[in-house]
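Chemist: Turn this into a structure:
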Amino acid sequence: MNEAALQQGIYTALTGNAALMALITGVYADVQQPNLPENDADFPYVTIGNDVFTAWDTNTDFGASASCQIDVWSRQNNFMEAKAIGSAINNALHYQPLTITGSHHVQTRVESATYTPDPDGHTKRGMLLVRVLFDEA
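Modeler: Numbering: from 1, shown residues only. As a prediction, the model looks like this:
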């Protein structure tokens, strides 16, 4: 399974989407906590990398089914911004081709989106689950 190449493929698809990038400050695998947590300047942004891989082999090929979590982080007073970003992610990934080095991309589907308030009482979170099927080249 080509886990790192899949994350790079998702990152490239998201950062290469002008409509999405116009809505956010960036796409990150890990976000450093700001010195002042109340500072809203770094928001909104997207994080990627919480994935679950399952073998998806056939008689002739090795492959994987990956459930990839993409998180949206917003500090607006409602969920509208987070949902707009989630919609842009959906447009960038749902049934769109991905380049996965060393693999043959089969399909990408956005399977669900959930929007909740963060326990801090101020941040809004969107969690999209994206299913990616691919075979090793």
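
Chemist: The residue sitting furthest away from the middle of the chain in helix, strand or coil?
Modeler: Distance from the C-alpha centroid of the chain, by C-alpha atoms, centre = their mean, peaks at residue 59 (30.6 Å). Three-state call for residue 59 (DSSP: H, G, I helix; E, B strand; the rest coil): coil.

Chemist: swap in residue 127?
Modeler: Going by three-state DSSP: residue 127 is strand.

Chemist: tally of neighbours for it?
Modeler: Residue 127: 16 surrounding residues under other C-beta atoms under 10 Å. C-beta here means a position set from N, CA and C on the backbone, and glycine is covered the same way.

Chemist: Contact partners for it?
Modeler: By C-beta atoms under 8 Å, 6 or more residues apart in numbering, the residues touching residue 127 are 69, 70, 71, 72, 113, 114, 115, 116.

Chemist: which among those end up buried?
Modeler: Buried residues within the contacts of residue 127, counting neighbours by 16 or more other C-beta atoms under 10 Å: 70, 71, 72, 113, 115.

Chemist: No more questions from me, cheers.
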